[in-house]
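K.L.:
Turn this into a structure:
(chains A and B)
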Protein chains: 2
Amino acid sequence: MQITREKWSKNFSEWFDWVLREGEFYDYGRYPVKGMGVWMPYGFKLRQNIISIIRNLLDSTGHEEVLFPLLIPEDLLSRESTHIKGFEEEVFWVTKGGSEDLDVKLALRPTSEVAITTMENLWLKSYKQLPKKYYQIVSVFRYETKATRPMIRLREITTFKEAHTVHETYDDAQRQVEEAIEIYKKIFNNLAIPYVLSERPEWDRFAGALHTYAFDTIMPDGKVMQIGTVHHLGQNFSRALDFKIQKKDGSLDYPHQTSYGISDRAIASVIAIHGDDHGPILPPSVAPIKVVVVPIPAKNEEGTQQVMKYSVEICEMLNKNNITCVTDQDTEKTPGEKFYIWEIKGVPIRLEIGPRELASSTVFIKRRDNLKSYTVKKEEVVNKVKEVLNEIQEDLRKRAWESLKSRIEYANDIEKAKNLLENNSGIVEVPWCGSKECGLKIEELTNARVLGYPIEDRKVNDKCVICKMNAKTVLRVAKTY
Amino acid sequence: MQITREKWSKNFSEWFDWVLREGEFYDYGRYPVKGMGVWMPYGFKLRQNIISIIRNLLDSTGHEEVLFPLLIPEDLLSRESTHIKGFEEEVFWVTKGGSEDLDVKLALRPTSEVAITTMENLWLKSYKQLPKKYYQIVSVFRYETKATRPMIRLREITTFKEAHTVHETYDDAQRQVEEAIEIYKKIFNNLAIPYVLSERPEWDRFAGALHTYAFDTIMPDGKVMQIGTVHHLGQNFSRALDFKIQKKDGSLDYPHQTSYGISDRAIASVIAIHGDDHGPILPPSVAPIKVVVVPIPAKNEEGTQQVMKYSVEICEMLNKNNITCVTDQDTEKTPGEKFYIWEIKGVPIRLEIGPRELASSTVFIKRRDNLKSYTVKKEEVVNKVKEVLNEIQEDLRKRAWESLKSRIEYANDIEKAKNLLENNSGIVEVPWCGSKECGLKIEELTNARVLGYPIEDRKVNDKCVICKMNAKTVLRVAKTY
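P.N.:
Here you go, the predicted model:
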């Protein structure tokens, strides 16, 4: 049995706003600057848990965390010409200090390639220091003119993990791209988030990159959201900033770089994708609270006191075993009201403990995802809860992957593709000859966005939907955030 | 035996710049925006360890971490009139988004009282929700016109821990001030940083506060640095932002608030205060690397290989026991060069392992602080290292406290006070009647800064150095950063 997913899929925007606010994750739309939200304590903990997963995976693969200044002078940001063109219309500029005008405008970082390359130029001199992998987790700013959305399209992106790496050769950088992709797969796997990996077409690369690889996921409303990107920058930035290193053969040359980023959207997708009409279901890997105990009052005060004592005892037992648990001891709310609250917070397991459980030294365990329940003896609670948490993690991942796969359609006809997209089908793959002209035409005719093409070879025994030449691969098209 | 402290005390500025750069803590003065530095990987780890101590102490006392937007609209920042007067000349303003002028100027947060009170006004309605204690760790910005200094006087303060609390009554807020002071004492104790706690005089309070209590420490050059402040805000901000709560008696009233902050200066003081002419000595409580193993080469390659293997084995043993250890396996540097590098990084214990140690299954342990050494059997290494780390922590704290105490002088004569201050004596306490006029006169005549007065009663059988009336307490004066 499952809770319905009507509101969740049909009115996703409302559902998401409701969960963020009522679940006390993120206060959005009330802080007096457009496109900037406030992380509330509960949401902040979820964010920290997700950051921990990212940090651990980066640290264990030789990435070093750093912290660069927020502000980038205009002349520096302009050094790589494609880069500045891509960003100049969406940069916030600091122009005054106190009542003085600044000599040079300072950008709130939209991303940090030029800032970091500037310092790498001072720190790195020889191939012996390479590969070098830095990362930072910071706020970045975009003066978005499109409609903003909490966690998804922001003017302050507060959780931008940006990695920047330096390599002796093009191929070394390409291998780093592959490592980054593997790391991102692990991150999303940990978050139980399914994804589609595509190489972005040449007309939609990161400003200044040779290649952009992107992870996309499908949101409950069928729209696609980019959740991670990996860029091969080649020598574009090292050349623009005149950053050279000594190579193994003794010559001086511009090193090759990569950069890759993940943002608040990773958190948004964790909250959104595993939801239902009662709220989100947080994967146990990142849930700030894994178990909530709701005591069920007895008929008299003394009985209720004993239930409360037993509830706290069970909860402490779980906490001692590193399973974060809270007991909801509020005396003014009914159990039903408490169920509602903890469901909106996405706590994966609820324990209901009343006079019956007390009398029989048992615990009633309820899964948030499929509503299955178990009554177990007190001494079996810890093991059973661990087992159920693992099952929930696995089942959430499976359900999300199945849902994603079911929303990828193939259409060898442009009208069919357009219809599918208009009915929120998710991602449509169409056979494609590989030319930019046909790609842009596909975007135009479907009134949707091209995500790119698979990074692995894809045999397609079909004709390009535009020019009718033999298709070389498929092009993925979607309505996107 | 101790390493000299000549450079350290006589040329502290040079010493500090040298340590930050050579120790790879913080790159300052080379990033192309004045007053903004870059946390390098090693410094970042030290920063993280210090942040962890702060977080643990705040979390365990019921503080909840949040994250607010960077930008504060001008009209909001101006709501509390004393507050804006205190900050307006040192705020960075964002005035443009892309090529458009913004309707309202946006300040880079100099501190977050008004931003946080704005949201508290939406979140908190009743005394039942109080006390409420929020904190965040963020960058704050000051358009400093004074000369900037790495970590000490910055335009971007990257590690600002600001706590903001809400209470029903004035007295509740006062009790929170006391809790905050106790927490800060524990933080500084953990960092082995000695301090003097004073109430700041009325003419030097935080802009908008009723009372400001400050922790100051004395730097190697005798100048005093503020390292933490705690403010009783009363109803100033709640009134300015029309933030009311329902009190226990049913009435609506403005709640009372406090705020308290610690910054990058806590990190600067850890690096500075325990130093000597070879570099800093990081307290084991926060040292990113607690033990470095320097292998001493044998006469032949095979022997050196065996030494290396033994070194790595010892290091792994320590790491398994949660004592962070690295083995310096560089084959191009001599042991002497390695000693130099790890001393500048402030690693508290060095193990020297050569053919002699290998042959006898022993390890040579050298303390960074007092150069004491011990040769112990391999199986005793873990325990001995733990013991020595504890001793270093304790000895650093003791030495720093003794040094601080020796630099607090008493002078019942303004000329004597002035002379002491001109000779870098640290803090001078002078008898004071308690009046603002005399306080300002003391500042003027000593050409120094008043820190304030002790928070506890202080009997002084002396006359005020200015008006010669009976002194009520002492006023502390110092040359400050």
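K.L.:
what sits against the residue in the stretch 351-481 of chain A that chain B sits nearest to?
P.N.:
Among all residues of the stretch 351-481 of chain A, A:Tyr481 sits closest to chain B, at 20.6 Å; criterion: C-beta to the nearest C-beta. For every residue, glycine as well, the C-beta is placed using N, CA and C. Counting by C-beta atoms under 8 Å, 6 or more residues apart in numbering or on different chains, A:Tyr481 touches A:149, A:152-153, A:219, A:223-226.
K.L.:
Tell me the most packed of those residues, by neighbour count.
P.N.:
When neighbours are taken as other C-beta atoms under 10 Å in any protein chain shown, the top entry among the contacts of A:Tyr481 is A:Met219 (24 neighbours).
K.L.:
where does chain A dip in pLDDT?
P.N.:
Scanning chain A for pLDDT under 70 picks out nothing.
K.L.:
domain ranges for it?
P.N.:
Under the assignment the TED database, the domains of chain A span A:11-272, A:289-387, A:407-476.
K.L.:
Specify the local secondary structure of the residue positioned nearest the centre of chain A.
P.N.:
For chain A, the residue nearest the mean C-alpha position is A:Ala266 (1.1 Å; C-alpha atoms, centre = their mean). Secondary structure, DSSP: H, G, I helix; E, B strand; the rest coil: A:Ala266 is helix.
K.L.:
Quick check: it touching A:Asn190?
P.N.:
No - counting by C-beta atoms under 8 Å, A:Ala266 does not reach A:Asn190; the two are 10.3 Å apart.
K.L.:
Looking at chain A, which helix is longest?
P.N.:
When chain A is parsed with DSSP state H, its longest helix is helix A:381-406.
K.L.:
give me the number of residues near A:Asp330?
P.N.:
A:Asp330 is flanked by 12 other residues according to other C-beta under 10 Å.
K.L.:
now A:Asp103
P.N.:
For A:Asp103, the tally of surrounding residues (other C-beta under 10 Å) stands at 7.
K.L.:
Strands of the stretch 101-250 of chain A, start to end?
P.N.:
Assigned by DSSP state E, counting those that start in this stretch, the stretch 101-250 of chain A shows strands spanning A:132-141, A:156-167, A:196-199, A:211-218, A:224-234, A:245-246.
K.L.:
Same list, these, but as a markdown table with distance to chain B please.
P.N.:
Converted to a markdown table, the strands of the stretch 101-250 of chain A look like this (distance: least, C-beta to the nearest C-beta, whole Å):
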| stretch | distance to chain B |
| --- | --- |
| strand A:132-141 | 6 |
| strand A:156-167 | 5 |
| strand A:196-199 | 29 |
| strand A:211-218 | 22 |
| strand A:224-234 | 20 |
| strand A:245-246 | 15 |
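K.L.:
out of those strands, nearest to B:Leu252?
P.N.:
strand A:156-167 (33.2 Å; C-beta to C-beta).
K.L.:
and that closest one, what other elements does it pack with?
P.N.:
Other helices and strands packing on strand A:156-167, by 3 or more C-beta pairs under 8 Å, 6 or more residues apart in numbering or on different chains; DSSP states H and E, are helix A:41-59, helix A:113-123, strand A:132-141, helix A:170-190, strand A:256-262, helix A:264-273.
K.L.:
between the ones you listed, which one is nearest to B:Phe87?
P.N.:
Shortest distance between B:Phe87 and the helices and strands packed on strand A:156-167, using C-beta to C-beta, is found for strand A:132-141: 20.7 Å.
K.L.:
So which bits of that closest one are buried?
P.N.:
Counting neighbours by 16 or more other C-beta atoms under 10 Å in any protein chain shown, one finds that the buried residues in strand A:132-141 are A:132-141.
K.L.:
and which of these is nearest A:Gln257?
P.N.:
A:Lys132 (9.7 Å).
K.L.:
surely the closest one meets A:Glu168?
P.N.:
No - counting by C-beta under 8 Å, A:Lys132 stays clear of A:Glu168, with 10.4 Å between them.
K.L.:
which residue ranges form the helices in the stretch 351-481 of chain A?
P.N.:
Per DSSP state H, counting those that start in this stretch, the stretch 351-481 of chain A carries helices over the ranges A:355-360, A:381-406, A:414-422, A:436-446.
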